[in-house]
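Colleague: Have a look at this prediction, sequence included:
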Protein chains: 2
Amino acid sequence: MVLIMTEENNKKRKTAEDFAKLQREISISEFFEKNKHLLGFDNPTKALLIVVKEAVDNSLDACQDAGILPEISVKVKSVGEDRFKVSIEDNGPGIVKEKIPQVFGKLLYGSKFHVLKQNRGQQGIGISACVLYSQMTTGKPTRIFSKIENEKKTNIFDIHIDVQKNEPEIIHEESIDDGIKEHGTRVEMEITGRYRKTQSVDDYLKQTAISNPFAKISYNINGEKMTFNRSVDKLPKEPEEMKRHPYGVEYGMLQRMLKNTNSRTLSSFLQNEFSSVGSKSANEICKIAKLDKNMKPSEIERENIGKLLNAMQKVKLQRPPTDKLSPIGKEELFKGLKKLYPNAEIFTETRSPEVYMGNPFIIEAGIVYDTNLPKEEEVQIIRFANRVPLLYQTSACAIYEAITETRWKNYGLQQVGKGVPIGPCIIVVHVCSAWVPFISESKEAIAAYPEIVKEIKLAIQSCARDMLTFMRRKERSKYETQRLHIFEDYLPIIAENAADLAETKKPDIKKVLQQVVKKELVEDEFRAFESGEIFEKPKKKASSED
Amino acid sequence: MVLIMTEENNKKRKTAEDFAKLQREISISEFFEKNKHLLGFDNPTKALLIVVKEAVDNSLDACQDAGILPEISVKVKSVGEDRFKVSIEDNGPGIVKEKIPQVFGKLLYGSKFHVLKQNRGQQGIGISACVLYSQMTTGKPTRIFSKIENEKKTNIFDIHIDVQKNEPEIIHEESIDDGIKEHGTRVEMEITGRYRKTQSVDDYLKQTAISNPFAKISYNINGEKMTFNRSVDKLPKEPEEMKRHPYGVEYGMLQRMLKNTNSRTLSSFLQNEFSSVGSKSANEICKIAKLDKNMKPSEIERENIGKLLNAMQKVKLQRPPTDKLSPIGKEELFKGLKKLYPNAEIFTETRSPEVYMGNPFIIEAGIVYDTNLPKEEEVQIIRFANRVPLLYQTSACAIYEAITETRWKNYGLQQVGKGVPIGPCIIVVHVCSAWVPFISESKEAIAAYPEIVKEIKLAIQSCARDMLTFMRRKERSKYETQRLHIFEDYLPIIAENAADLAETKKPDIKKVLQQVVKKELVEDEFRAFESGEIFEKPKKKASSED
C-alpha cells in the first residue's frame, strides 16, 4: 500500500466511507442549470432567440398534429437593461389542466421522445429549459394560459421548477372565463436577454415563415409590428409515426423490445415491431440466427439476442417506408421564398427519400438568385431541420459541409478554395427526418453523416444546375435582344434600299425578324420562371387530359 | 377556429386529451441511449478511448482524494470484430458495497457535482454512461470488483442499467476472499470498439503520464505491454473545495442558497456561504440592496433577491481564493515531458491564477522543441483540462484559438495566416479550474471565454520567448565556436611569427583566447538547460543562504 502520510495529507485523506456520504443523485434540472450553455443559453442574444423558438416550435407541432392551421402571436418587450418579457400564443388544441405543470415544469417530459415521427421537438427538454432559464436569471415564474376545445374556462398556472427534484412547483393557479378565445396556449416569461436584428428572433420568424408557409405569425417587438401571412392555405401532409427498421436497432434496444412486446412468437415480433419485415424476411432472420421462429420473444437468452441482432443486419430487406415524412414540398418552398424575395429568381428541389442508420430522411433545397443582393460577398445560408430554422453553429453543420464541398465555379458562382460560394444568392436546405442527428442538445447543427451530406449535395446541385441554365438563357436572351436590335435598326433601311435598287415593293420584314431571333419565345419562358407559373403548367396539362 | 376537416386529417386529428395520454417522463438513461453521440460514443474508436478514459480519470481522482500514490492497470483485449474487453484496476480507497450499484448503474449520480473543487470528473455521468454503452452494444453487464481498507472481502457486482428507470439492475453479486490485494476497484466491460494507435488509448495514457507524473500506469493492449513509470514520487498539493464567489452567482442559485442556509442573518449568510466576503463587504452589500443585515435569509422576498443579487455584483470584492487549485507545476510538467522526450529542449510555465465568471483558474503551458520532430509539419498540440488529456474537437477549443491567434513568426516558427504554427515542436497547455467550461458533455473542448484565451496566450508566449532565447543562444554559440576555431587555428601561428619577429618568447595565448570568446560559459548554460538543472539552481541557492 502506498500512502502519503504527511500531516497535512492525513488530515484531509478521504476513505471509501467519506466518499459514500458525498455520493448522491443529481437531478436533470440541476445538471442543466449548471450546464446551461449545453442548451444554448450561453449568451443573452441567443437566450432570447431560444425562448421564442422553443415556444413557437411547440405551437407549430401542436397545431399540425391537431389539424389546425396555425395562428401564432409573438410579443417581445424590453423591460429593463438586458431584460425582456416574452409572450407566445397559439390557436392549438391546448393542454389538459393536469398536464400543464409537468409539460412546463419538468425537464425530460413530453409526448414526442418515445415516438418515431418527424417532429420539431424531440427531447422534452426545450420549453421547460426556458422556464428554468427564466427562473435562473430573473427568479420570476412562467405564466401559462391554456384552453381546450369544448371547455369554457381558461386555466392559468404560474410555474417554477424545483431544481433539486426536477418537479414543477405551482406558485399560483386559477381558472378564468375570458381568457383564450377558442382554444390554444399562451406562455409568458421574463428573462435576461438581448435583442438584435440579425441571427435572432427576426431571422428565426422570417425563416419559419419560409418553412411553414401554412402558418400565420404576427410579431410585436417593442411595439413595432410585423405579420408573416400564409402563402399556402392548406396544412401539409401530416407526418406519421413509423416503426423502427431492423438496420437501425442496437443490442440494448432489441433486448428491451423483446422483453416488452405483446407478440407471442419471434416471427410475429419481427413483423409487428419493425418496418420492412414480412413473414418471409422474419423467417429468414430466424433461420440465419438459428432460432425457432415460434419461440416466445421474452424467453430468448442473452447470447441469442446477439445472434438475432446479427441476423437482422445480414438479411436483405426493403428500405424503411419513406411516405411518412412531411417535406415542405418543391412548390411550397418556392412560394414561401417568393413571398419574401418577390424580385428574385428561385430554384427549388425536393429529393426522393433516403436512409441513414435505418432512419429515412428527405432533403430539400432552394437557391434564391437576386441581383439586389451583394455580388462580392459570401452567399447567405438558410438551414432547416424538420421545418425549424437553425441559426447558430453553421460551420459545424452537415449543410455547411455539403455547400463548401460543392464546386460552385461549375455553376457560375465564385468560390475561394473550399469556401462558401460568393454571389448574389441565398442557399436554403431543409433536412427532414424522424430522427435528426443534432450535434448537441441546443439543436443548432446537424451531424455530417455521409448519406446526409451526399443527398444535400445532390439537392443543391440540382437547384444550381437550374440556376446555371437560367443564367445562360438570360445571357442568350440578352445577346438575342442585342442581335434583334441590330436587325431592327438596319434591316428596314437595307430592305428599303434593296427594294429601291431592285425597283420592287418594300417587303414586310416583321415576320422575317421573328423567325431569325425567336425573341418572344425566350421571353415567355422567363415570364413563367419569374411568376412561378412553371409549377402550374403540368397541372393544367393534367386537367386538360381528364 | 380554423380546422381542416378533410376526411384523412379528421381521422388522425389529435385532441388535447390524446396528447395527454402520450405525455410522460423520459429517463436520463433513455435520453443518453438515444443521444449517445452527445457523450462522444459516435464512433467505435472514440468509444474505446472514452471507456478507458472515464475509468482511469475516476481512479486518479479517487487515489488523489484519498492521498494514495496511484497505481493503475489498463488491459484492452480484442475479442472479435470491433469488439473489446476492457479492464481497469486501481489501488484507490475502493467503494462501499451499498454504493457500487448506483455509482456504476445510474446516470447523474456521484460525489463531485455539488462540490466546487478541481476534479477530473464533474457530472456523475462518465462511468455509468460507459456501462450503458456496453449494454447497448453488447448486452453484457459490467463487472465491478471493489475492496475497501480494513475489510477482508472483495465485493463483486455484475450490473446492468434499467434504462427506463435509470436505476441499476444487479445481475449477480458475490464476495470473495482473494480478489483485490490491498484496496481498490476494478471495472471490466465488453464493448463495441475499434483500436488504433493515434488519437486513442495509447495517446491518452501517454499524455496522462505527462499531466500525472505521480501516477504509475501499466498498459496491456492485446498482450503488448507498456509501463509509464512515475517521474515524481510525491502527490501534488490536494485541490480543495471552495465557496462560490458573489460575482459567479445567478438568481436561481441565490434563491436556493437563501432558502437552504443555516445562517441566521443576511450578513452572516453572505460571509459564510461566499468567498471573499467579510463583515465589511457583507454590510456594504446589505446597504446597497437596502436590506436589513440582520434579517432572516429565508424571509427575503422575491423582488428583494433581485436587489441583493445586483448589490453583490456592484460591490468591490477581492478575487476568489486561488490557492485551492492544484496545477501540475512548472517543474513537474518539465520532468513529465523530459521523461517522454529526453532529447528535446523543453520550456514550461505555470501562470498565476486568474478568474472568469467568479471561477478561479490556472493556465500552464509547455513547448517541446525536438529536432527529431518533422520540421515542415504543423506542431502537435497536447491539451489538458484538470490533468485530463483532450483528444478530440481540437479546433473548437479555447487552446486552439489561443495558439492560432499567436504570431509565431515572432518566436522563430513558421505560420501560414492564422494557422497552427509549423516546426519541430509540441505545444502543451493545461487548464485547471473547479469548473472547466466544456462545450459538450463529451468534454472534448473548452469554451473560449476571453479571460481563458488571454491567459493561455500569455502562458504559451512565455514558453515561446524562452524557446526563442534558447534558439538565439544556440546560434550565437555556433557562431562563437566557429570564431574560436578561427582564432585557435591562426593565433598560435601569428603569435609564433610575431614572437620570432620581435625576437621574444612565445606568449601563452590560451587565456587570451578564453577572454575573447567566453566559450565555456555559454556551453555551461546549455548543459543546465538540457539536464533540467536550471530548476534546481534556485533551491541550492536558498539552502546555502540558511
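Modeller: Noted; the coordinates are in hand. Numbers count the residues shown, from 1 in each chain, chains lettered A, B, ... in the order given.
Colleague: got the residues of the stretch 101-250 of chain A near chain B?
Modeller: Counting by C-beta under 8 Å from any C-beta of the partner chain, the residues of the stretch 101-250 of chain A close to chain B are A:102-103, A:106, A:108-115, A:123-124, A:132, A:135-140, A:148-149, A:163-164, A:182-183, A:234-235, A:238, A:240, A:250. C-beta: built from backbone N, CA, C; applies to glycine.
Colleague: Which among those count as buried?
Modeller: Among those, the ones that count as buried by 16 or more other C-beta atoms under 10 Å in any protein chain shown are A:102-103, A:106, A:108-113, A:123-124, A:132, A:135-140, A:148-149, A:163, A:183, A:235, A:238, A:250.
Colleague: In strands, which of those residues appear?
Modeller: Judged by DSSP state E, these include A:109, A:110 as members of strands.
Colleague: quick one: what helix or strand has residue A:399 in it?
Modeller: In the assignment (DSSP states H and E), residue A:399 maps to helix A:398-404.
Colleague: Same check on residue A:367?
Modeller: Counting by DSSP H and E, residue A:367 is found in strand A:359-369.
Colleague: ok, now which ones touch the spatially closest residue to residue A:246 that is not a sequence neighbour?
Modeller: Sequence neighbours aside, residue A:312 is the residue nearest to residue A:246 in space, at 4.1 Å (criterion: C-beta to C-beta, 6 or more residues apart in numbering or on different chains). Going by C-beta atoms under 8 Å, 6 or more residues apart in numbering or on different chains, residue A:312 touches A:246, A:247, A:249, A:254, A:270, A:285.
Colleague: Per-residue pLDDT of residue A:377, please?
Modeller: pLDDT for residue A:377: 93.
Colleague: And for residue A:279?
Modeller: The model reports residue A:279 with a pLDDT of 94.
Colleague: How about residue A:89?
Modeller: 97.
Colleague: Spatially, which residue comes closest to it, not counting chain neighbours?
Modeller: Excluding its sequence neighbours, the residue lying closest to residue A:89 (C-beta to C-beta, 6+ apart) is residue A:186, at 3.9 Å.
Colleague: Return the distance of stretch A:350-368 from the chain's centre.
Modeller: Relative to its parent chain, stretch A:350-368 has a centroid offset of 12 Å by C-alpha atoms, centre = their mean, to the nearest Å.
Colleague: Tell me how far residue A:353 lies from residue B:75.
Modeller: 45 Å (C-beta to C-beta, to the nearest Å).
Colleague: nope, residue A:269 is what I meant
Modeller: Taking C-beta to C-beta as the measure, residue A:269 and residue B:75 are separated by 38 Å.
Colleague: The two: which has the busier surroundings?
Modeller: Just comparing residue A:269 and residue B:75: by other C-beta atoms under 10 Å in any protein chain shown the higher neighbour count belongs to residue A:269, 24 against 19.
Colleague: That one: what secondary structure?
Modeller: State at residue A:269, reduced to three classes by DSSP: H, G, I helix; E, B strand; the rest coil: helix.
Colleague: I'd assumed residue A:259 was in contact with it.
Modeller: No. Assessed by C-beta atoms under 8 Å, residue A:269 is found out of contact with residue A:259, at 10.9 Å.
Colleague: joint contacts of these two?
Modeller: residue A:297.
Colleague: Those residues of the stretch 401-546 of chain A touching chain B, which are they?
Modeller: Of all the residues in the stretch 401-546 of chain A, those lying near chain B are A:437, A:439, A:440, A:441, A:447, going by C-beta under 8 Å from any C-beta.
Colleague: so how many other residues sit close to the third one?
Modeller: The burial count assigned to residue A:440 is 22, neighbours taken as other C-beta under 10 Å.
Colleague: Return the per-residue confidence for the residue in the stretch 401-546 of chain A positioned nearest to chain B.
Modeller: Per C-beta to the nearest C-beta, residue A:440 is where the stretch 401-546 of chain A lies closest to chain B, at 5.6 Å. In this model, residue A:440 is scored at 84, pLDDT.
Colleague: same deal with residue A:540?
Modeller: At residue A:540, pLDDT is 39.
Colleague: what's the helix or strand for the residue nearest to residue A:51 when sequence neighbours are not counted?
Modeller: Ranked by C-beta to C-beta, 6+ apart and with sequence neighbours excluded, the top spatial neighbour of residue A:51 is residue A:130, at 4.7 Å. Assigned by DSSP H and E, residue A:130 belongs to helix A:126-137.
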